[in-house]
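1. Mind looking at a prediction? Sequence and model below.
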Amino acid sequence: MSAINKKIIFTGPVGAGKTTAISSISDIKIVSTDEHASDMTKSRKPQTTVAMDYGLINLEGDERIHLYGTPGQERFDFMWDILTKGGIGLILLLDNTRKDPYQDMKFYTNAFRGFIEQQQMVIGVTRMDIQRKPDLDQYREWLDSLALSAPIFEVDARSRADVTALMQALLFSLDPGVTVS
Amino acid sequence: MLSSSHTGVLKVAFMTMSPHNRAILEFFFAGAGKELFKMDQPNNADVLIIDYDHPGAEQEWENIHHKTTQPFILLSVHELNLENSIWVTKPLTSKSLTDAAEQVRELLDNQSNSPSNKLTAPEPKLPLQEPEPPKAQIPDTPLPPKIQPFGLGKQSLKRPPTPRPAPSPNAVTKQRMVQSEPMLATSSFSSTIEDQPPPKKSLVQESKPSIEPTYDRVVDKTLSPEEQEQRWQVLCGDRKDAPQENLTQEGGTFLIENNLLANLKQALQLANESQETVQVQLGNGEYLLLMPKSNHSYCTMDLQSKDFATLCGQVEQSQIIVHQPTSEDARGLELNALNDAKHVYDLEAFIWTASLLTSQGRLDQAVDTQQSLRLKHWPNLTRLEPIPHVMRIAALWNESAATAFDIAEKLAIPQRYVFAFHTAASTLNLLAVETVKQETSSQTKPKKNRGLFSRLLKRLLGGGAN
């Protein structure tokens, strides 16, 4: 029997926690392409992902779920189409401390709209413990204004429980009838 | 010279800071302390605040204190006596912060009156660019195995009981509920963001346990499986399924009138409309606050206690009074809450748990059980107290309009979990009536990749690895 390989994509702006989130649930030490930031990014973090992050979840038999993190900077958006091919869902991480999270949501959901319509998206908002506003009600309104529907949770990208909850929401959104076999 | 008057609101900027202390300070600045402090950029602030016990903070102070004349407020459990700095002991209290504001003003006044200042160029302030944050690290220690994959596994340390703050003296009866002041303009979140500098990345876990209360964590991850089962029974009851036509006769409904939940809904609506703090007096000196600006609630009773569960389950709550305090009284109440911060909760999480405790797996008698509903938005399930099957219920109800009975049948789960979800989601205004009922089958149809999803789910829940 041939191996089954599926992809889940993590995306979002610089510093939202994509690399950390993948690390939280990957079975392998993630393959990361962090480099010292040389542009505006360095005001938020000293290193940033310039190609992609890669993690893996091994299932029974030969099945694998590949976890890909997109680079946050918009100038790498040519990679996004390639990364989403064969993907089963998108996890969008938004940083609540950024200047305009709505613009971030708008930008990324627009960039991945075709994929979202085919598959499913869940949203995790990070750093809400640092900055309480905007709150989740505001994010829900923004989703409505963009004619999108998706689970949206407050998350800590370092918490396996939180990232697992995002993954579960993604799976149940794709198929509410799924149960543990 | 410094830009703001030293007798007015002090402009402050956070330097290295733990999330817990940041949350406490923001809560204080948004409410009781709003006339003392306001957030600003480091280069424009009158005073810089450092959480001195946080990793890297001491080094940060060493690096920058000689480059600026701005005074520092240093938060620490240990006494500090450092140059141009004011030590504020932890845990933070409103009084210690108020005192610190006064001391900062004195420092600033001394600087202003210094003869050398009158002869020299404007005082240097910190450049806009922030110091390099600590590098992100993934914790080496694995997180403990999870029974429930929701919530955050952070443990709160037990603290000795805090003296209970007195209730507001200005209570009025429910019938006389008044809005004491004209409605104030809702604060704009965008301006709030722009007023604050982007916080530094702080992914390094604290090396020692936090002594501060943990916000937003209703879920107690220390529960054993048996305790978790018991808690679910308190939240969702143990009622057996009942036919739709006999639901009330078989105890499957509750009357919301004269119940705490009715008062809570009223208070929540008032708080959301006015964007001002609303108090609900519970009798015997107990009360709760809904604080929409900071998105917090406060209750003098422990949300996990038997007493609070009993209160939610009682009918005929004649003692309960919904009250909108004056701005001055609200400030006093918020100060009390700050001093008893272990009882401060995320607003949505508080309403969710109170609704579950009221429902106990039953439906409000006023609910039209024939009416199809759809979940407009998912609840914030990572921060709400979990109940069994909550993700599946949310997913199915979001995907298709259905009655509570349809959901229980399709997912083949006990009705009580769906009814509990229905009550809590309705209170949070997340369910909406849908006029066109979709064609439904009795079971969810298998979809593409169900087998794979099932194995991935198993893996996520702790099994099925190679």
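-> Looks like it came in fine.
2. residue of chain A with the smallest distance to chain B?
-> Closest approach between chain A and chain B, counting by CB to the nearest CB: A:G177, at 3.1 Å. Bear in mind the C-beta positions are built from the backbone N, C-alpha and C, glycine included.
3. which other residues reach the helix or strand containing A:E117?
-> Assessed by DSSP states H and E, A:E117 sits inside helix A:113-118. With CB atoms under 8 Å, 6 or more residues apart in numbering or on different chains as the contact definition, helix A:113-118 has outside contacts at A:I9, A:T84, A:G87, A:L90, A:T109, A:L148, A:A150.
4. measure the residue nearest the centre of chain B to chain A for me?
-> The residue lying closest to the centre of chain B (CA atoms, centre = their mean) is B:D346, at 1.8 Å. From B:D346 over to chain A the distance is 8 Å, taken as CB to the nearest CB, to the nearest Å.
5. Excluding chain neighbours, give the residue nearest to A:I88 in space.
-> If the residues on either side of it in the chain are set aside, A:I88 comes closest to A:K6, at 5.0 Å by CB to CB, 6 or more residues apart in numbering or on different chains.
6. List the contacts of the one you found.
-> Going by CB under 8 Å, 6+ apart, A:K6 touches A:R64, A:I65, A:H66, A:G86, A:G87, A:I88, B:N449, B:L452.
7. got the residue ranges for the helices in the stretch 301-450 of chain B?
-> B:306-313, B:327-339, B:347-359, B:390-399, B:404-411, B:415-427, B:450-460 (DSSP state H, counting those that start in this stretch).
8. how close does the closest residue to B:L247 other than its chain neighbours get to chain A?
-> Distances taken as CB to CB, 6+ apart place B:T253 nearest to B:L247, at 5.8 Å, with adjacent residues excluded. Relative to chain A, B:T253 is positioned 26 Å away (CB to the nearest CB).
9. For B:T253, name its beta-bridge partners.
-> Beta bridges link B:T253 to B:L363, judged by DSSP bridges.
10. wait, it sits on B:D368?
-> No. In this structure, B:T253 is not within contact of B:D368 by CB atoms under 8 Å, at 11.9 Å.
11. So between the two, which is more surrounded?
-> Using other CB atoms under 10 Å in any protein chain shown as the criterion, B:T253 and B:D368 rank with B:T253 on top: 19 against 10.
12. Got the confidence number for the more buried one?
-> Looking at B:T253, its pLDDT stands at 93.
13. sec struct for A:Y139, please.
-> Of the three states, A:Y139 takes helix under DSSP: H, G, I helix; E, B strand; the rest coil.
14. Where do the strands of chain B begin and end?
-> B:10-14, B:37-39, B:47-51, B:72-76, B:85-89, B:253-254, B:278-283, B:286-291, B:296-299, B:321-323, B:344-346, B:363-364, B:373-375, B:431-433 (DSSP state E).
15. Could you tell me the least trusted of those strands?
-> strand B:37-39 has the lowest average pLDDT among the strands of chain B, namely a mean of 86.
16. if you look at that one, does any of it touch chain A?
-> No. Using CB under 8 Å from any CB of the partner chain, strand B:37-39 never reaches chain A; the gap is at least 10.0 Å.
17. In terms of secondary structure, what does that strand contact?
-> Counting contacts by 3 or more CB pairs under 8 Å, 6 or more residues apart in numbering or on different chains; DSSP states H and E, strand B:37-39 is packed against strand B:10-14, helix B:19-30.
18. low-scoring pLDDT stretches of the chain, where are they?
-> Since you didn't name a chain, this refers to chain A. Applying pLDDT under 70 to chain A flags the ranges A:1-3, A:33-51, A:72-78, A:181.
19. was after chain B, sorry
-> Along chain B, segments meeting pLDDT under 70 span B:1-7, B:19-20, B:91, B:114-221, B:316-317, B:436-447, B:463-466.
20. now the longest helix anywhere in it, how far from the centre of its chain.
-> When chain B is scanned for its longest helix (criterion: DSSP state H), the result is helix B:94-113. With CA atoms, centre = their mean, to the nearest Å as the basis, helix B:94-113 stands 30 Å off its chain's centre.
21. was I right about the residue nearest to the centre of chain B contacting B:H296?
-> Yes. Judged on CB under 8 Å, B:D346 makes contact with B:H296 at a distance of 6.7 Å.
22. re the thing from before, which of the contacts of A:K6 has the most neighbours?
-> Top of these by neighbour number is A:I65, holding 24 neighbours under the definition other CB under 10 Å.
23. what are the phi and psi values for the residue nearest to A:I88?
-> Note on A:K6: its backbone torsions stand at phi -130, psi 160 [degrees, to the nearest 10].
24. try the one 5 residues further on
-> Listed backbone geometry of A:T11 is phi -140, psi 170, with angles given as degrees, to the nearest 10.
25. which ones are touching it?
-> Shown in contact with A:T11 (CB under 8 Å, 6+ apart): A:K18, A:G69, A:T70, A:W80, A:L90, A:I91, A:L92, A:L93, A:Y108, A:F112.
26. what about the second one, distance to A:Q138?
-> Pointing back at A:G69 there. Taking CB to CB, to the nearest Å as the measure, A:G69 and A:Q138 are separated by 26 Å.
27. So what's the residue count around the closest residue to B:Q279 other than its chain neighbours?
-> Spatial nearest neighbour of B:Q279, excluding adjacent residues (CB to CB, 6+ apart): B:H323 at 4.7 Å. Close neighbours of B:H323, defined as other CB under 10 Å, add up to 23.
28. In CSV: the contacts of helix A:113-118, plus distance to B:T68 and secondary structure.
-> Shown next, in CSV, are the contacts of helix A:113-118 (distance: CB to CB, whole Å; DSSP: H, G, I helix; E, B strand; the rest coil):
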residue, distance to B:T68, secondary structure
A:I9, 44, strand
A:T84, 47, helix
A:G87, 49, strand
A:L90, 44, strand
A:T109, 42, helix
A:L148, 45, coil
A:A150, 44, coil
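29. contacts with chain B among the residues you listed, please.
-> Among the contacts of helix A:113-118, the residues within reach of chain B (CB under 8 Å from any CB) are A:A150.
30. Turn the contacts of helix A:113-118 into CSV, including distance to B:Q266.
-> Below are those laid out as CSV (distance: CB to CB, whole Å):
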residue, distance to B:Q266
A:I9, 44
A:T84, 47
A:G87, 46
A:L90, 40
A:T109, 36
A:L148, 32
A:A150, 31
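31. separation between A:I28 and A:S173?
-> For A:I28 relative to A:S173 (CB to CB), the value is 26 Å.
32. And the two? Which one has more around it.
-> A:S173 (23 against 12).
33. Contacts only, for the closest residue to the more buried one other than its chain neighbours.
-> Closest residue in space to A:S173, ignoring its immediate chain neighbours: A:Q120 at 4.7 Å, by CB to CB, 6+ apart. A:Q120 sits next to A:I88, A:G89, A:L90, A:A150, A:L170, A:S173, A:L174 when contact means CB under 8 Å, 6+ apart.
34. would you list every one of the strands in chain A?
-> For chain A, applying DSSP E gives strands covering A:5-11, A:34-36, A:47-49, A:53-58, A:64-69, A:87-95, A:121-126, A:152-155.
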